[in-house]
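**Student:** Here is my input; please provide its structure:
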Amino acid sequence: MVSCTVEKSSIPYDIIAKVGERIITKQNMIHRSEYTLRPLYCRESNYIHKKIILNSLIAEKLFSFEAEKNKIDLLDNIRFHTFITGRTEQTMRQMHYYEEFYKQVELDSSVISSSYKLAGRTVDVTYLHLPDLNIAAQIKDLSEGGLPLDSAYAMIWDDSRSPKRQINWFDREGAELHRAIFNPNIKKGSIIGPLTTENNTHLLIQVNGWTDRPAVTDSEISLRVNDVRERLQENHAEQKYKNWVKYIMKGKHLELNPSVYPTYAERVMNIYLKSDSIKQAQLNLSLWVEPEYDLLLDSLKKIPKDNFTEDDILFHVDNVPWTIKVFHQKLSQHPLVFRKKKISHSQFQEQLKYAIADLIQNIEITKYCYSKGYDKSYTVTLNKELWYDAYTAHSYRNNLLEEQNMLNSDAESIAKALNSIVDSLQNIYSDQIKIDTDLFESIELTNIDMTVFQHGVPFPKVVPPFPVYTSDNRLDYGQKRNFR
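**Tutor:** You can find the predicted model right below:
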């Protein structure tokens, strides 16, 4: 096991502004501007719009201060606090992975060189997912004897349209599959597998051929080398991380309650598998900053319980019972993450089981993170404050807008209506606001619309929505300060 203690006092960030004890970093400003959609009044990359962005970020902190002064209802909302805890623990796990695995990888130049030679390759494959390992082995023997996988697929499923796809060197495939396909000794017609997937199916692959796209210019070569190095570092880190997770989970046992689990899974299935159009219509009705999260929790509360109660035991973990009520309470802190993006009704029970197992796994990883002090790390603290301030400020802002009957107004109208309030708060808190104008002016932003999500985590949004509080572009408050 990797052993380390997190350095709590290190502050490796470029600070643009301090608002009281709150901090706005260069990274924070870039992410809030580039990783979410900005309103039209500050969407460009020019200096005026950049000042509006900074004013908006500072205004968000000021509104959060006012929210605490006015003791808004959100501060007593248990769901809000469990959400902030869940967000914080997600950052802790990500920091743990980065510090103890990703940063520790040292790559040999020969490994980078050999991988670079195949990095422009795209491989065309036919593949079969099979539920039984013995059947997979038998089909492989037949295929190596001359039976194409297309024919095997047609024999099993009575369908001539066998699954095919093209796999690029940079595609996010499992390490074992990636090594097998991108092998300098691979030949056309080669049969790979059976490989066991995370879902306990067995994968057979036939290599139909490939194309190579070499990097030509110096800039293309340099970019590809860097991309190869980064991908190899990720692959090595992920493999070591998976081995570590297996170590800490060794001996742990999840046992589903056969008299409750199947009925429960049937009841919640439509909540999770609801069509995108219906889900989006419902999300638009929510005023919560994370509407999908809010809708999910409310929907789970309303599921029919004619065959079970909230006090019924859904499963045991190492003989410790988990009731449906306890399970739902944990989901407010850690929503389920499903391994498959598209799940059929017949697959749902099994995929729900995997999602529960991954939840239990993350709970154990989080315990380790607390033991190593990741909750005290600067990055984690900064991220916790980011989400806390964004939510409390947003709630206080909405209270003001509701009083003016402007809650559903467009972003620019809201910003203009709040300008005078923000100006007043800038004056009130001016002696607590310090800005590194030199660092601020060095930042370059784009005007590309983009929303960034992470995959495979309970809370996929990378940053809160852009803070709509002001359209003012004047920096005529606070004090100039160099924090470096």
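**Student:** which other helices and strands contact the host helix or strand of Thr366?
**Tutor:** Taking DSSP states H and E as the criterion, Thr366 maps to helix 348-371. Counting contacts by 3 or more Cβ pairs under 8 Å, 6 or more residues apart in numbering; DSSP states H and E, helix 348-371 packs against helix 78-97, helix 218-249, strand 254-256, helix 261-273, helix 324-331. Placement of C-beta: from N, CA and C, glycine included.
**Student:** Let me see the residues that make contact with that helix.
**Tutor:** Residues from elsewhere that reach helix 348-371 (Cβ atoms under 8 Å, 6 or more residues apart in numbering): 89, 92-93, 95-96, 198-199, 245, 248-249, 252, 254, 256, 261-262, 265, 268-269, 272-273, 315, 317, 327, 330, 334, 336-340, 343, 375, 458.
**Student:** now it against helix 261-273, angle please.
**Tutor:** In terms of direction (axes from the mean of the first three to the mean of the last three Cα atoms, to 10 degrees), helix 348-371 departs from helix 261-273 by 80 degrees.
**Student:** any weak-confidence spans in this protein?
**Tutor:** Residues of the chain meeting the criterion pLDDT under 70: 1-12, 153-162, 199, 275-299.
**Student:** Quick check: can you list the domain ranges of it?
**Tutor:** The record's domain split for the chain, according to automatic domain parsing, is 15-103+382-480, 109-245, 254-371.
**Student:** tell me the most buried of the ones you listed?
**Tutor:** Counting by mean count of other Cβ atoms under 10 Å, domain 15-103+382-480 has the highest mean neighbour count of the domains of the chain, with a mean of 18.
**Student:** show me where the stretch 101-250 of the chain has strands.
**Tutor:** Under the criterion DSSP state E, counting those that start in this stretch, the stretch 101-250 of the chain contains strands at 121-130, 164-168, 191-196, 202-212.
**Student:** Nearest to Asn408, out of those strands?
**Tutor:** Asn408 lies closest to strand 164-168 among these, at 44.2 Å (Cβ to Cβ).
**Student:** got the end-to-end distance for stretch 28-43?
**Tutor:** Counting by Cα to Cα, to the nearest Å, you get 17 Å between the two ends of stretch 28-43.
**Student:** Output stretch 188-199 as PDB, restricted to C-alpha atoms.
**Tutor:** Provided in PDB are the C-alpha atoms of stretch 188-199 (Å, rounded to 0.1, in the frame of the first residue of the first chain):
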ATOM      1  CA  LYS A 188      -5.200  -9.500 -39.700                       C
ATOM      2  CA  GLY A 189      -7.700 -12.100 -38.600                       C
ATOM      3  CA  SER A 190      -6.200 -12.500 -35.100                       C
ATOM      4  CA  ILE A 191      -8.700 -13.600 -32.400                       C
ATOM      5  CA  ILE A 192      -8.300 -11.800 -29.100                       C
ATOM      6  CA  GLY A 193      -9.800 -13.000 -25.800                       C
ATOM      7  CA  PRO A 194     -11.900 -14.100 -24.200                       C
ATOM      8  CA  LEU A 195     -11.400 -11.100 -22.000                       C
ATOM      9  CA  THR A 196     -13.500 -10.700 -18.800                       C
ATOM     10  CA  THR A 197     -15.200  -7.300 -18.600                       C
ATOM     11  CA  GLU A 198     -16.300  -5.300 -15.500                       C
ATOM     12  CA  ASN A 199     -19.800  -6.600 -16.100                       C
END
